[in-house]
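[1] mind looking at a prediction? Sequence and model below.
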Amino acid sequence: MNQDNQGLDFSTVIASTVHDVKNSLSALIQAHDQWLARLPEELRGGSEQGVMEHEFRHLNGMLVQLLGLYKLGVNQLPVCPDYHELDDFIEAQLAAHEEVLKHRDILATWRIDSDNPLGFFDRELVATVVANVLTNAIRYAGHALLISIEEDGEQLVISVNDDGAGYPPRMLERQLDYVQGIDPQSGSTGLGLYFAARIAALHERNGVRGRIEIANGGALGGGLFRLYLP
């Protein structure tokens, strides 16, 4: 056996470890929910509970991203687009964040500016992107979030807008370079945007690939994330 065959592929080791950590986190979340259900009603709320709910979701989102990026790297992330009811899709995303939104005192609203009630995309992959964006928006929002869906030409645009301080200028200036290195102030690596861009690009029709875009402004004046799906 030569020396090259003696070691394990590092990316495979990381992917396996991330998978195990995700399973442990799922068990921890389940145990926490069971413990919480046994508490008296007056002890179930509080800011600490909101922090735990948010960080659980944030950690799970990061692990899903890492596994997704690994599968993308080895061409094992299939795209299975289908038609989905847009209002049902948005309501499902907000329902998954209901407890966190309540504890953070954030009002989340949604609107659909399209005559077509259906969208054609991979629901699981797009939901992962939207969930990660929502988690990030909740972290920086003041008291309001808005999810909107509209049409831009022949593309479906899913937007997440918050009323926070918005994206820093450095991210806006380098938004085509999504892996931007670790920001010493925020700790951001840009992997979330990179993952979203890769998922968007997997959606293709008539030679047009999906893409993402970040800006500041929108109806709420803060960070504005847009996902374009052909």
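    Arrived safely, thanks for sending.
[2] show me the helices in the chain, by range?
    Listed in chain order, the helices found in the chain under DSSP state H are 10-38, 47-73, 86-96, 98-103, 123-140, 169-173, 191-202.
[3] and of those helices, who's closest to Gly221?
    helix 123-140 (12.5 Å; CB to CB). To be clear about C-beta, it is placed using only N, CA and C from the backbone, and glycine gets the same treatment.
[4] just to revisit the earlier point, of all the helices of the chain, which one is nearest Ile212?
    helix 191-202 (5.0 Å).
[5] mind listing what's buried in the closest one?
    Neighbour-count burial for helix 191-202 flags 191-200, 202 (criterion: 16 or more other CB atoms under 10 Å).
[6] what does stretch 85-102 give?
    In stretch 85-102, the ones that count as buried by 16+ other CB under 10 Å are 86, 89-90, 93-94, 97, 99-101.
[7] grab the two from the residues you listed that are most spread out in space.
    The two members of these with the most space between them (CB to CB) are Leu86 and Glu99, at 23.7 Å.
[8] confidence-wise, which of the helices of the chain is weakest overall?
    Taking each of the helices of the chain in turn, the one with the lowest mean pLDDT is helix 47-73, at a mean of 73.
[9] just the angle between that helix and helix 123-140, please?
    140 degrees (axes from the mean of the first three to the mean of the last three CA atoms, to 10 degrees).
[10] off-centre distance for helix 47-73?
    Centroid separation between helix 47-73 and its chain, computed with CA atoms, centre = their mean, to the nearest Å, is 9 Å.
[11] buried set for it?
    Buried residues in helix 47-73, counting neighbours by 16+ other CB under 10 Å, are found at 49-50, 52-54, 56-70, 72.
[12] what's it packed up against?
    Based on contacts counted as 3 or more CB pairs under 8 Å, 6 or more residues apart in numbering; DSSP states H and E, the elements that helix 47-73 packs against are helix 10-38, helix 98-103, helix 123-140, helix 191-202.
[13] can you redo the ones you listed as JSON lines with distance to Gly218?
    Supplementary listing: those in JSON lines, determined by distance: least, CB to CB, whole Å:
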{"stretch": "helix 10-38", "distance to Gly218": "32"}
{"stretch": "helix 98-103", "distance to Gly218": "18"}
{"stretch": "helix 123-140", "distance to Gly218": "11"}
{"stretch": "helix 191-202", "distance to Gly218": "17"}
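[14] in the chain, which residue is closest to the centre?
    Residue closest to the mean C-alpha point of the chain, counted by CA atoms, centre = their mean, is Asn132 at 1.6 Å.
[15] which residue packs closest to it, ignoring adjacent ones?
    Leaving aside its sequence neighbours, Asn132 sits nearest to Gly61 (CB to CB, 6 or more residues apart in numbering; 4.5 Å).
[16] mind listing what the one you found touches?
    Contacts here follow CB atoms under 8 Å, 6 or more residues apart in numbering; on that basis Gly61 touches 128, 131-132, 135, 192.
[17] ok, residues contacting stretch 14-31?
    Residues from elsewhere that reach stretch 14-31 (CB under 8 Å, 6+ apart): 56, 59-60, 63-64, 66-67, 70.
[18] can you rerun that using 6 Å?
    Applying CB atoms under 6 Å, 6 or more residues apart in numbering, the contact partners of stretch 14-31 are 56, 59-60, 63, 66-67, 70.
[19] quick check: the farthest pair among these?
    For the contacts of stretch 14-31, with distances taken as CB to CB, the pair at the greatest spread is Phe56 and Tyr70 (21.8 Å).
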